[in-house]
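In: Predicted model and sequence follow; I will ask about them next.
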Amino acid sequence: MKQILKLLFLSLLLLVVVGYGIFALFYFSRQPNTAKCGEIVVKQMNGGEDPLVSEAQIRNTVTGSPFNPIGKSIPEINTEAIEALLEKNKIIKNTVVYHTNSGKVIIKVYQRTPFYKIMGENGNFLVDEEGIMMPMQGHFISKAPIVSGTIEKDFAANELRNFIVYLQQHPFWNEQIEQIYVYPNREVELIPKVGNHRILMGTLTDVDKKLNRLMKFYRKGLNEVGWNRYSVINLKYDKQVVCTKR
């Protein structure tokens with residue numbers, strides 16, 4: 001009998017504990033959070049030690065807008081509006097904004113990664129790996145070449161972007177090509193780091209074939225006569241390397 005009463009007591013106690021837990025969860029989840037935002041925490045999720053947009057710039061953008069969360073209660077904070085506000089900056093690829101129960105607003109920022117720099121007649125831009133053009137901002141240090149000349153946006157985001165991808169996938173050319181110049185007809189000239197010559201690529205078609213011809217010429221030609229023997233190396237003609245002596 002005592003055993004049965006003990007089991008009944010434990011069962012009743014368990015029901016009370018579970019019932020209270022369910023009640024508390026339901027009750028407190030429905031209570032408004034009256035905590036007010038007292039701090040904005042910015043977390044740079046990429047961009048390294050020298051991001052193009054600083055934490056201070058991000059914080060100032062938010063606090064200087066109608067969506068400033070400082071001093072507002074949690075239900076008043078519009079996290080989606082803050083995300084949309086920050087993503088108007090083309091350098092910022094994505095943001096995640098949320099708040100804690102203690103009143104902090106957390107902003108996670110994912111910046112675009114600059115792929116190369118354009119210094120052209122139509123202005124100066126940074127271009128990311130997706131071909132998205134961004135305004136020049138901050139200090140961009142990269143092994144990627146500087147591109148100058150007449151550069152249209154669709155050319156920068158497509159043919160030129162694909163060419164730079166090719167260079168970065170081939171370590172020798174990534175190190176060798178220092179500058180790229182684009183003519184109005186979209187023909188391209190390359191300036192190498194080693195050798196006092198210019199490389200005429202023509203249009204950015206058959207890039208692999210052209211640079212393979214140049215590599216063979218480097219190995220069999222310039223290694224014998226010297227890297228400063230020619231002023232121009234022309235790859236525009238099929239199956240040929242045409243050189244102009246200095």
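Out: Arrived safely, thanks for sending. Only a predicted model underlies this, so the values are computations on that prediction, with no experimental measurement involved.
In: all helices for the protein, in order.
Out: Listed in chain order, the helices of the chain (DSSP state H) span residues 2-29, 55-63, 79-86, 153-157, 159-169, 171-176, 207-217, 223-225.
In: Give me the mean pLDDT for the longest one.
Out: Which is helix 2-29. In this model, helix 2-29 has a mean pLDDT of 54.
In: likewise the second one?
Out: Model confidence over helix 55-63 averages 94 on the pLDDT scale.
In: Counting neighbours, which bits of that helix end up buried?
Out: Using 16 or more other C-beta atoms under 10 Å as the burial criterion, the residues of helix 55-63 that qualify are 57-59, 61-62. Any C-beta I mention is one placed from the backbone N, CA and C, and that applies to glycine too.
In: Including distance to residue 163, could these go into a markdown table?
Out: Listed next are the buried residues of helix 55-63 as a markdown table, based on distance: C-beta to C-beta, whole Å:
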| residue | distance to residue 163 |
| --- | --- |
| 57 | 32 |
| 58 | 33 |
| 59 | 38 |
| 61 | 35 |
| 62 | 38 |
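In: and those residues, which two are the farthest apart?
Out: 57 and 62 (10.0 Å; C-beta to C-beta).
In: quick one: pLDDT of the residue lying closest to residue 118 once chain neighbours are set aside?
Out: The spatially closest residue to residue 118, leaving aside those adjacent along the chain, is residue 125, at 4.5 Å (C-beta to C-beta, 6 or more residues apart in numbering). Per-residue confidence for residue 125 comes out at a pLDDT of 81.
In: can you list the domain ranges for the chain.
Out: Listed by automatic domain parsing, the domain ranges of the chain are 39-111, 114-245.
In: where in this structure is pLDDT low?
Out: In the predicted model of the chain, residues 1-34, 47-50, 122, 137-144 satisfy pLDDT under 70.
In: now the end-to-end length of stretch 196-215.
Out: In terms of C-alpha to C-alpha, to the nearest Å, the two terminal residues of stretch 196-215 are separated by 16 Å.
In: now do stretch 107-115
Out: 25 Å.
In: List the buried residues for it?
Out: Going by 16+ other C-beta under 10 Å, stretch 107-115 has these buried residues: 107, 109-112, 114-115.
In: next one: stretch 95-102
Out: In stretch 95-102, counting by 16+ other C-beta under 10 Å, buried: 95, 97, 99.
In: ok, what's across the strand from the residue nearest to residue 198 when sequence neighbours are not counted?
Out: Sequence neighbours aside, residue 232 is the residue nearest to residue 198 in space, at 5.2 Å (criterion: C-beta to C-beta, 6+ apart). Note on residue 232: beta-bridge partners by DSSP bridges are residue 198, residue 244.
In: Let me see the contact set for residue 80.
Out: Going by C-beta atoms under 8 Å, 6 or more residues apart in numbering, residue 80 touches residue 97.
In: how close does it sit to residue 57?
Out: The gap separating residue 80 from residue 57 is 21 Å, by C-beta to C-beta, to the nearest Å.
In: Tell me which of the buried residues of stretch 107-115 fall in strands.
Out: Using DSSP state E, 107, 109-111, 114-115 are the members of those that sit in strands.
In: For residue 129, state which of these is nearest.
Out: The nearest member of those to residue 129, counting by C-beta to C-beta, is residue 115 at 4.8 Å.
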